[in-house]
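1. dropping the sequence and predicted coords here.
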Amino acid sequence: MSNNWRETIQQHLTAGTARVRVVADPDGLLQDEDLLQQLERRGFSVLLYEDPWIFRVRYEEDFRQAWDEGRTPPRLLVRVATMDLNGVPFDVFDQAEPVYLSVTQLFSHLDRQVVAELDPRLFDRAFQVSRAVGSGRLNRRDSARRLLHDLYSVDPALVQSAEDVWDLISRIYRSGYPLTEALTETLVGDLGQWEATLPTSLHDALTSRRTWESVLRQALRGGEMQTGARYWLERLGWDSQIGEPHARISAALTRQLGAFLEQKRIVGRDWLQRAEDIARLRLATFVGIDIPDDPTLDALDRRFDDWVYRDYGLLQSLPPYPEPVMVHHVVHYMAHQKDVAKWALVVVDGMSYADWLYIRSLADLSAYQVVERALFAWVPTITAVSRRAIFSGRVPRDFGQSLGTTHGEETLWRQFWQSRTGTAKAVGFQKTADSLDAAALLRAVNDESPDILGLVVNIVDLLAHSANMGMPQFLSDVKLWVAGEGGWLPRVIGGLIDQGFHVVLTSDHGHVPVEGMGRPPTGDIPESKGQRVQVFSSEALRSQVATTWGIPWPHLSGLPNHYVPLLAPMNKAYGNQGQKLLSHGGVSMEELIVPMIRIWR
């Protein structure tokens, strides 16, 4: 076997001459972004088979039509998330070579399920762990213990005191990789006798950064863990203070982000993992009068810009499970959670990750369970593209000629849930939820009594576009909306939870401070607010102005054929020359990475 697990897989996938291979991949090996990039370079494209209708459209348009016309598209890998390939359409399977992938083939000395749950970014190290085991196969618990030791540098057998437990938990967060179910289960079992030393459950302490950060901050107020809590808050970079008008940025956080920039290779999941820390640093520069612009942010923005134009297209091959990566994954993730009876999806139009951190600091959510993660929006980052993708669970190309409008969101929302639940659940939708005061909205929801509810909140986007004085004015207006009289968002979240909903809060795009550079002589600005993109009906038309006016967006496979974006350069917009504004449509980190927050009691 090769010393590199990706090479072994590529040997399986690229052997033979068939232009289609149907790949059984129940363990998600094709979720690795480095592997996807290597396959792309070798002329292969991965297409997920999940929704038969969506698969058929893409197969016909991107592959079969090209073959019939004598063109040569990339060779096709049809990924199926089970070992059962019987669901693949006969006309596809009949001309394909089947390939079966499993972590058992690669990680032969570790328990299959324990490895399969790992973040794909840990597969390289897990592969070396498996080789080091030598012979035989470790059982589930011993596999988990070995991976905890080698990947997270923790050993429950060495815990002798409450201080050791706190150190172990903090080291897990310092690793940067969340624990899987199997690893958490093992640690909870091995450390059960120490749970009484924690002010929260051991499970929550191990799996929720927000919970553990709260525990450490609480310990700062006094007690035997005070010194250790201060040490770990500083070591983890969680000791930033973001207040108004003064803010303080953790020195450790700046060092960590500097080390992140030194990584030879950064993939999409790395950006999502660091999204909160980067947003925290960015928010501090907005609210603190004594915080200079940090050169780390400029370096991060440049590195992100390079990544986006090169590798963003790989994200389309990633599935929505076990964790969503793109905004159109959200509804699939919700539908996949079979233990939840009632869902409320609240889409706050235009809310960036930094906006969410500011909102979170103003809204008291301490009574609820809160899990946060980051997602990629669709490009261009405008409502008509990204928000429709959220409510439909589809990629924007499926909207065809109607892509330039938000009409039909409610229909797409209902179609998605009816396809998943039939008529078993009542589905509700309110496109202008914040046009009602909180009490009226909650009464309307209670009267309608839906099981699945979709809400659109427009105020954040409206405040951003009306902020003539830039971010200070915008944040002041947001503060009034969240923490002022009425407190619309906290009241709505709490009221929905009181009605039995699990709430998912997310956004379709963020916004960025930019300067106008004038307007190209041709092209279409798809909506007056999103001034960072112009859309052309063909690549030929776009090429007439591209070299002078912007950057051609290269990843067109997720967009309709007639929808060809030209993006404004970094920190620029297609507005009046020299005009300062907050806008969106482009691919800055502030526009493209958005929060997803699950809140429940």
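-> All right, it came through fine.
2. backbone dihedrals for the residue positioned nearest the centre of the chain, please?
-> In the chain, the residue lying closest to the centroid (CA atoms, centre = their mean) is residue 375, at 2.0 Å. Phi and psi for residue 375, reported as degrees, to the nearest 10, are phi -140, psi 160.
3. same deal with residue 21?
-> phi -130, psi 130.
4. and what of residue 501?
-> Backbone phi and psi, for residue 501 under degrees, to the nearest 10, turn out to be phi -80, psi 150.
5. show me where this structure dips below the pLDDT cut-off.
-> For the chain, the stretches with pLDDT under 70 are 1-3, 245, 289-293, 523-530.
6. now stretch 539-557, how far from the centre of its chain.
-> 27 Å (CA atoms, centre = their mean, to the nearest Å).
7. endpoint to endpoint, that stretch covers what distance?
-> Terminal residues of stretch 539-557 are spaced 13 Å apart (CA to CA, to the nearest Å).
8. just stretch 200-216 next, same as before
-> End to end - CA to CA - stretch 200-216 spans 11 Å.
9. quick revisit: pretty sure the residue nearest to the centre of the chain is touching residue 324, no?
-> Yes: counting by CB atoms under 8 Å, residue 324 is a contact partner of residue 375 at 6.0 Å. C-beta here means a position set from N, CA and C on the backbone, and glycine is covered the same way.
10. anything in contact with each of the two?
-> 330, 596 (CB atoms under 8 Å, 6 or more residues apart in numbering).
11. please enumerate the strands of the stretch 451-600 of the chain.
-> Residue ranges of the strands in the stretch 451-600 of the chain, as given by DSSP state E, counting those that start in this stretch, are 452-457, 502-506, 512-516, 533-536, 551-552, 564-567, 572-573, 580-583, 593-600.
12. dump the ones you listed to a markdown table, plus mean neighbour count and distance to residue 57.
-> Below are the strands of the stretch 451-600 of the chain laid out as a markdown table (neighbours: other CB atoms under 10 Å; distance: least, CB to CB, whole Å):
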| stretch | mean neighbour count | distance to residue 57 |
| --- | --- | --- |
| strand 452-457 | 24 | 24 |
| strand 502-506 | 23 | 26 |
| strand 512-516 | 21 | 33 |
| strand 533-536 | 25 | 21 |
| strand 551-552 | 17 | 25 |
| strand 564-567 | 24 | 19 |
| strand 572-573 | 24 | 34 |
| strand 580-583 | 22 | 32 |
| strand 593-600 | 23 | 26 |
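13. could you dump those strands into CSV and include distance to residue 64?
-> Compiled in CSV, the strands of the stretch 451-600 of the chain are given as follows (distance: least, CB to CB, whole Å):
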stretch, distance to residue 64
strand 452-457, 35
strand 502-506, 35
strand 512-516, 40
strand 533-536, 27
strand 551-552, 27
strand 564-567, 23
strand 572-573, 40
strand 580-583, 40
strand 593-600, 35
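14. would you state the strands of the stretch 301-450 of the chain in chain order?
-> 343-348, 369-376, 427-430.
15. could you pull out the strands for the stretch 101-250 of the chain?
-> 241-242, 247-248.
16. closest to residue 541 out of the ones you listed?
-> strand 241-242 (45.0 Å; CB to CB).
17. export the lengthiest helix in the chain as CSV, just CAs?
-> Taking DSSP state H as the criterion, the chain has its longest helix at helix 268-287. Extracted C-alpha coordinates of helix 268-287, given in CSV (Å, rounded to 0.1, in the frame of the first residue of the first chain):
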residue,chain,number,x,y,z
GLY,A,268,-12.3,25.4,2.7
ARG,A,269,-13.0,23.7,6.1
ASP,A,270,-9.9,25.5,7.5
TRP,A,271,-11.5,28.8,6.7
LEU,A,272,-14.8,27.8,8.3
GLN,A,273,-13.0,26.6,11.4
ARG,A,274,-11.2,29.9,11.8
ALA,A,275,-14.2,32.1,10.8
GLU,A,276,-15.2,33.0,14.4
ASP,A,277,-11.7,34.0,15.4
ILE,A,278,-11.1,36.1,12.3
ALA,A,279,-14.6,37.7,12.7
ARG,A,280,-13.7,38.5,16.3
LEU,A,281,-10.5,40.3,15.3
ARG,A,282,-12.4,42.2,12.6
LEU,A,283,-15.2,43.2,14.9
ALA,A,284,-12.7,44.6,17.4
THR,A,285,-11.3,46.9,14.7
PHE,A,286,-14.9,48.2,14.1
VAL,A,287,-15.9,48.8,17.7
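18. next one: that helix to chain centre, how far?
-> Worked out by CA atoms, centre = their mean, helix 268-287 lies 13 Å from the chain centre.
19. shift numbering so it begins at 9
-> Shifting the count to begin at 9 puts that one at helix 276-295.
20. relative to strand 377-384, how tilted is it?
-> 100 degrees (axes from the mean of the first three to the mean of the last three CA atoms, to 10 degrees).
21. next, count neighbours for the residue nearest to residue 184 when sequence neighbours are not counted.
-> Ranked by CB to CB, 6 or more residues apart in numbering and with sequence neighbours excluded, the top spatial neighbour of residue 184 is residue 281, at 6.2 Å. Using other CB atoms under 10 Å, residue 281 is surrounded by 18 other residues.
22. for residue 281, give me its contacts.
-> Per CB under 8 Å, 6+ apart, neighbours of residue 281: 184-185, 382.
23. what do you get for residue 64?
-> With contacts defined as CB under 8 Å, 6+ apart, residue 64 is in contact with residue 97.
24. that older thread, who's the residue nearest to the centre of the chain bridged to?
-> residue 602 (DSSP bridges).
25. gap between it and residue 73?
-> From residue 383 across to residue 73, the span is 31 Å (CB to CB, to the nearest Å).
26. circling back to that earlier point, the strands of the stretch 459-608 of the chain: which one's closest to residue 319?
-> strand 601-608 (14.2 Å).
27. which of the contacts of residue 281 has the largest number of neighbours?
-> That'd be residue 382 among the contacts of residue 281, by other CB under 10 Å, with 21 neighbours.
28. name the nearest residue to that residue, sequence neighbours excluded.
-> residue 283 (3.6 Å).
29. before we move on, the earlier item: need the strands of the stretch 109-258 of the chain in a markdown table (columns: distance to residue 338 and mean neighbour count).
-> A markdown table is the format used below for the strands of the stretch 109-258 of the chain (distance: least, CB to CB, whole Å; neighbours: other CB atoms under 10 Å):
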| stretch | distance to residue 338 | mean neighbour count |
| --- | --- | --- |
| strand 249-250 | 27 | 16 |
| strand 255-256 | 31 | 17 |
